[in-house]
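>>> the following comprises the amino acid sequence and a computationally predicted model.
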Amino acid sequence: MLDSCTTAQERWGGVHKLIDRWLSERKQLVAEYTALRDRVAPAQHPDTALESFCDVLVDYMSAGHFEVYEQLIREAEDFNDLGGIALAKQLYPRIETITQTAVQFNDQYGESAAGVDEAVMQERLRHLGGLLHERFELEDCLIEVLHTAHKDILSTL
């Protein structure tokens, strides 16, 4: 009995830490996005700010898909949370579409940011920013429904 409690605490406590780390990465992504969007002068070559933003963008997207979402779904399945699973299935296609746009932005600007048309990049960056805002709202909804909803149950384990 105690072993299962310890295992549950380790497992779900780890989910909470994973989410905290991911949300911290989100803050970094937003900070780098804002700095890049608000810069006044065209980029110096090489454009380290653009490359750094793309690196953080890819890391954040990857953590969402390959760590956080997977853990949230697993938690919902373990709690037989059919409503949460249904919500995830409803929201995930939109999140995936936004991810593809982010990957395309990275593919265009992440590796070789030299010689970038600043005006075009800024236009695409602003479009991506709107999509990221939407994605953050969808992710927050998933966290609320798939993890926070089980918080009281987890605290008793």
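Structure received. Numbers count the residues shown, from 1 in each chain.
>>> now the phi/psi pair for Gly110, please.
phi -70, psi -40 (degrees, to the nearest 10).
>>> quick thing: my sequence starts at 827, can you match it?
Let's use 827 as the start, then, which means that last one is Gly936.
>>> quick check: closest non-adjacent residue to it.
Among residues not flanking Gly936 along the chain, Cys880 sits closest, at 3.4 Å (CB to CB, 6 or more residues apart in numbering). From N, CA and C alone the C-beta is placed, and that goes for glycine too.
>>> kindly report the same for Gly909.
Val971 (7.5 Å).
>>> how about the strand or helix carrying that neighbour: buried residues?
In the assignment (DSSP states H and E), Val971 maps to helix 944-972. Neighbour counts over helix 944-972 (16 or more other CB atoms under 10 Å) mark 947, 950-951, 954, 957-958, 961, 964-965, 968-969, 971-972 as buried.
>>> in which helix or strand does Leu844 reside?
Leu844 belongs to helix 828-864 when assigned by DSSP H and E.
>>> and of the buried residues of helix 944-972, the nearest to Gly890?
Here the nearest of these to Gly890, counting by CB to CB, is Glu965; it sits at 6.8 Å.
>>> cool, thanks, signing off.
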